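Peer 1: prediction below, plus the sequence it came from.
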Amino acid sequence: MTRSRISDATWTAFTESIRFVVVPIMLVNLVMTNYPSLKTAFMPNLATYILIIGGLIVFASTLECANRPGTYKRLLFGLSAVAFVCFWTFVLFGGGVAEFSYPPYFVRFDMSKILYIVLLGIALKALLVVQTFTTNKHMVVEERVRRKAVRAAAAAPKPQPVSRVPTFASLSKAAFRVTGDDEVGYEPPSPTTAKAAVLDYQECPVCGVKASLQETTCKHCGAWFSGPFK
């Protein structure tokens, strides 16, 4: 978007220089060379006036295009450019009064009323500048609010992460059991061996009838015992 405004401003500076400086000075020099008896109020220094006022028009118009629509800067330079164009037109036509002497004839042209009508038409462009400002002002305000919100969010302190003391349970996924000091270095007995060491009988794995440790088969269902046998 900034690049687009810069290119528009560059093109405006070029075209306005041609319209209000280069071409008018060439025409004024041509007229003064071919019709030296034509006199206006600003004729002696007309080329200098056109150069100065035309430069102001180019300057104001360029800065107008360089700023976004809806900003006060664009409004200021737009209205200034319109005022400079009106003044440039008034100086170029010598206030609407021109004198032409060709002995023994003397002619005086008074076109001041026509010139004032032309200046009024040029001044109407100021309404277009004001309308452009009022139409796009809300967009500039919304953009400004959005940028303030972004800057405030960037400047706000970020929440610090809560530090947690790592535990062994969080570091290891394997199940673990805390053992006593007397169990270190010893293998705990299997449940079958512990049960056989305590009981003085054995149960049938099929029907559940109790039998002595010397029996190899169950007397009730005939199933084989897995031992131990004494």
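Peer 2: Great, that's in hand. Numbers count the residues shown, from 1 in each chain.
Peer 1: let's verify the residue lying closest to residue 37 once chain neighbours are set aside: helix, strand, or coil?
Peer 2: Using Cβ to Cβ, 6 or more residues apart in numbering and skipping residues adjacent in sequence, the residue nearest residue 37 is residue 101, 5.0 Å away. To be clear about C-beta, it is placed using only N, CA and C from the backbone, and glycine gets the same treatment. What DSSP: H, G, I helix; E, B strand; the rest coil gives for residue 101 is strand.
Peer 1: packing partners for the longest helix seen in the chain?
Peer 2: Ordering each helix of the chain by length in residues (DSSP state H) puts helix 125-155 first. Secondary-structure packing of helix 125-155 (3 or more Cβ pairs under 8 Å, 6 or more residues apart in numbering; DSSP states H and E): helix 72-92.
Peer 1: any idea of the angle the longest helix of the chain forms with helix 72-92?
Peer 2: Between helix 125-155 and helix 72-92, the angle comes out at 160 degrees (axes from the mean of the first three to the mean of the last three Cα atoms, to 10 degrees).
Peer 1: for residue 202, give me phi and psi.
Peer 2: Phi and psi for residue 202, reported as degrees, to the nearest 10, are phi -130, psi 150.
Peer 1: residues contacting residue 211?
Peer 2: 201-204, 218-219, 225 (Cβ atoms under 8 Å, 6 or more residues apart in numbering).
Peer 1: how about the residues you listed in a markdown table, adding neighbour count and secondary structure?
Peer 2: Shown next, in a markdown table, are the contacts of residue 211 (neighbours: other Cβ atoms under 10 Å; DSSP: H, G, I helix; E, B strand; the rest coil):
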| residue | neighbour count | secondary structure |
| --- | --- | --- |
| 201 | 9 | coil |
| 202 | 21 | strand |
| 203 | 13 | strand |
| 204 | 19 | coil |
| 218 | 20 | coil |
| 219 | 9 | coil |
| 225 | 18 | coil |
